[in-house]
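> Make a model of this:
(one chain, ligands or ions: 1)
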Amino acid sequence: MAGLLEGRRALVVGVANKRSMAWGIARALAREGADLALTYQTERFKENLDELVTELPRPVLEFPLDVTVDGSLDALADALSREWDRLDVLVHSVAHARSDELAGRFVNTSRDGWGLALDVSAYSLVGLARVMLPLLKASGSASIMALTYLGSERVLPNYNVMGVAKAALESAMRYLAADLGADGIRVNAISAGPVKTLAASGVKGFSSMLHEIEQRAPLRRNITTEDVGNAAVFLASDWARNITGQVLFVDAGYHVMGI
Ligand code: 0WE
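This is a model prediction of the structure:
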């Protein structure tokens with residue numbers, strides 16, 4: 001059966017393990033026929049990735065990437081352009097803040113902690129778009145997407161500086177949408193409900209957040225990385241050809257509730 005993304009070339013940044021949002025997206029894109037390139041942060045993560053990709057229907061390209069280093073972004077663009085002459089889909093699923101910034105009072109956010117969180121979690125979208133621009137332009141109809149969270153616009157306990165970083169990410173997404181639209185490049189964000197990923201493990205009160213959503217979300221359930229993958233397929237596809245600058249909520253409706 002022909003997939004929705006047959007022959008499309010996708011770069012997915014942010015796979016750490018099988019629970020990652022980025023892995024749910026990678027699997028869904030591959031299922032729809034896309035060719036994949038994935039990045040890993042360190043050799044430790046490469047071992048994980050090598051094992052994970054054996055589940056995919058087609059071979060994938062793998063590249064190292066540290067999103068905080070311009071030279072690393074440039075090296076990725078060079079390496080990818082040796083393999084592919086265009087890029088149709090770019091997925092950004094990267095975030096990091098120091099764990100001490102995600103507990104306690106927001107007022108105690110440090111300058112360093114702020115800088116790190118916004119560098120890794122928000123600037124990296126701009127940096128990736130910048131180095132991939134020639135390949136994305138060559139697509140003629142490329143789709144960039146980033147993963148965000150409700151904590152960008154509402155205050156959630158302990159999300160703290162990550163809320164600021166996600167607000168910056170969403171704003172950068174809109175500025176990129178305006179800037180890159182003339183090159184036929186769409187830019188959107190998926191605001192996913194919470195899922196127990198590596199980034200969420202060790203977050204105080206996470207399990208009770210999941211329980212709360214099950215009680216209060218319109219659909220009375222939590223979401224999965226597969227749900228996020230299917231939304232990513234839509235945004236990557238031609239069915240979304242006039243959707244850009246948007247935040248698409250994949251949260252069982254949770255964000256519409258007032259109380
Ligand atoms: O965006 C995220 C994950 C962000 C994140 C989480 C961590 C925890 C471990 C970024 N950096 C770190 N650094 C660490 O050392 N989510 C939407 C998941 C998440 O993270 C939270 C949440 C939710 C939801 C952190 C605090 C409160 C709620």
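
> What residues does the stretch 151-259 of the chain have near the ligand?
156, 158-159, 162, 194, 199-200, 202-203 (CB under 6 Å from any ligand atom). Every residue, glycine included, has its C-beta placed from N, CA and C.

> Now for the residues you listed: which two are most distant?
The most widely separated members of those are Leu156 and Gly202, with 16.2 Å between them, by CB to CB.

> So between those two, which is more surrounded?
Leu156 (15 against 10; other CB atoms under 10 Å).

> just checking, that one touches Gly163?
Yes. Leu156 lies in contact with Gly163 (CB atoms under 8 Å); the separation is 7.0 Å.

> How much space separates Gly113 from Ala103?
Going from Gly113 to Ala103 by CB to CB, to the nearest Å gives 12 Å.

> what does Glu170 give?
24 Å.

> try Asp70
31 Å.

> of those two, who's got more company?
Ala103 (15 against 12).

> Now do the strands in the protein.
9-13, 35-40, 61-64, 89-92, 142-148, 185-192, 247-250 (DSSP state E).

> and the closest residue to Asp66 other than its chain neighbours, what does it touch?
Excluding its sequence neighbours, the residue lying closest to Asp66 (CB to CB, 6 or more residues apart in numbering) is Ser72, at 4.4 Å. By CB atoms under 8 Å, 6 or more residues apart in numbering, the residues touching Ser72 are 64-66.

> Check the burial of Val120 by counting its neighbours.
17.

> Do I have it right that it meets Arg98?
No. Counting by CB under 8 Å, Val120 does not reach Arg98; the two are 10.2 Å apart.

> Can you work out which residues contact both of the two?
In contact with both Val120 and Arg98: no residue, using CB under 8 Å, 6+ apart.

> For the stretch 151-259 of the chain, which segments are assigned as helices?
Under the criterion DSSP state H, counting those that start in this stretch, the stretch 151-259 of the chain contains helices at 160-180, 206-216, 225-236.

> Which stretch among those helices is buried most, on average?
Counting by mean count of other CB atoms under 10 Å, helix 225-236 has the highest mean neighbour count of the helices of the stretch 151-259 of the chain, with a mean of 22.

> how far away is the residue nearest to Arg220 when sequence neighbours are not counted from Asp119?
Sequence neighbours aside, Glu214 is the residue nearest to Arg220 in space, at 6.2 Å (criterion: CB to CB, 6+ apart). Using CB to CB, one obtains 35 Å as the distance from Glu214 to Asp119.

> now do Glu47
For Glu47, the distance to Asp119 - CB to CB - is 26 Å.

> Need the helices of the stretch 151-259 of the chain in a markdown table (columns: mean pLDDT).
Listed next are the helices of the stretch 151-259 of the chain as a markdown table, based on pLDDT from 0 to 100:
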| stretch | mean pLDDT |
| --- | --- |
| helix 160-180 | 99 |
| helix 206-216 | 96 |
| helix 225-236 | 99 |
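
> could you dump those to CSV with distance to Ala16?
Formatted as CSV, these follow (distance: least, CB to CB, whole Å):
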stretch, distance to Ala16
helix 160-180, 16
helix 206-216, 17
helix 225-236, 12
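
> of those, which approaches Leu87 most closely?
Of all the helices of the stretch 151-259 of the chain, helix 225-236 comes closest under CB to CB, at 11.4 Å.

> Does anything pack onto that closest one? Which helices or strands?
helix 21-31, strand 142-148, strand 185-192, strand 247-250 (3 or more CB pairs under 8 Å, 6 or more residues apart in numbering; DSSP states H and E).

> what's the most buried one of the ones you listed?
Of these, strand 142-148 is the most buried (mean count of other CB under 10 Å), at a mean of 27.

> do it and the ligand meet at all?
No. Residues of strand 142-148 contacting the ligand under CB under 6 Å from any ligand atom: none, with a closest distance of 7.7 Å.

> Direction included, what does that strand pair up with?
Next to strand 142-148 in the sheet, as set by DSSP bridges, lie strand 89-92 (parallel), strand 185-192 (parallel).

> Dump the C-alpha coordinates for the last one into CSV.
Taking only C-alpha atoms (Å, rounded to 0.1, in the frame of the first residue of the first chain), the coordinates of strand 185-192 have been written out as CSV:
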residue,chain,number,x,y,z
ILE,A,185,8.7,26.0,3.5
ARG,A,186,6.0,25.6,6.1
VAL,A,187,6.8,25.8,9.8
ASN,A,188,4.5,24.5,12.6
ALA,A,189,4.5,23.2,16.1
ILE,A,190,2.9,20.2,17.8
SER,A,191,1.8,20.8,21.4
ALA,A,192,1.8,17.3,22.8
